[in-house]
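Participant: next comes the sequence, and after it the predicted model I'd like to discuss.
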Amino acid sequence: MFWRLLILSPLLIVLVVFALTNPQPVHFILWPTDVARDVPASLALLGALGVGMVLGALMLWFSTLQFRFRARRAERVRARLEGELQRLKAAPGTAVALPPPA
């Protein structure tokens, strides 16, 4: 907890200084609707940065979905094969040739 606070403190200080030095109003219009507001420039920029980070995180999450599905499928196959191997080892009179452990 202490290290996290120690690392984030300079970033928070920079954000506060940025917000305090950019109080000029900016006319902000939400495009598909008729919502229009005057907001401080710092809030508009930080909000755009936040939306961009969320969208980027969602794109990354969606792009890794296929790899997570493949890993889960491979884990199920591995567990099934290990179970089958244990069953074959336990069966009397069955010779199973196993490769040496790596």
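Facilitator: Looks like it came in fine.
Participant: so what does the helix ranked longest in the chain touch, helix or strand wise?
Facilitator: Longest helix in the chain, counting residues (DSSP state H): helix 41-90. Using 3 or more Cβ pairs under 8 Å, 6 or more residues apart in numbering; DSSP states H and E, the elements in contact with helix 41-90 are helix 2-21, strand 25-29. In short, each C-beta sits where N, CA and C put it, glycine included.
Participant: so for the shortest one, what gets flagged as buried?
Facilitator: Residues of strand 25-29 classed as buried by neighbour count (16 or more other Cβ atoms under 10 Å): residue 28.
Participant: and it, which strands flank it?
Facilitator: strand 36-40 (antiparallel) (DSSP bridges).
Participant: mind listing what's buried in the strand it pairs with?
Facilitator: residue 40.
Participant: ok, now stretch 37-50?
Facilitator: For stretch 37-50, by 16+ other Cβ under 10 Å, it's 40-44.
Participant: what's in contact with it?
Facilitator: Outside stretch 37-50, the residues within contact range by Cβ atoms under 8 Å, 6 or more residues apart in numbering are 15, 18-28.
Participant: may I ask which two of those residues are separated the most?
Facilitator: Comparing every pair within these by Cβ to Cβ identifies 15 and 27 as the most remote, at 22.9 Å.
Participant: how about the buried residues of stretch 37-50 in JSON lines, adding pLDDT?
Facilitator: Output for the buried residues of stretch 37-50, formatted as JSON lines (pLDDT from 0 to 100):
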{"residue": "40", "pLDDT": "91"}
{"residue": "41", "pLDDT": "90"}
{"residue": "42", "pLDDT": "89"}
{"residue": "43", "pLDDT": "88"}
{"residue": "44", "pLDDT": "87"}
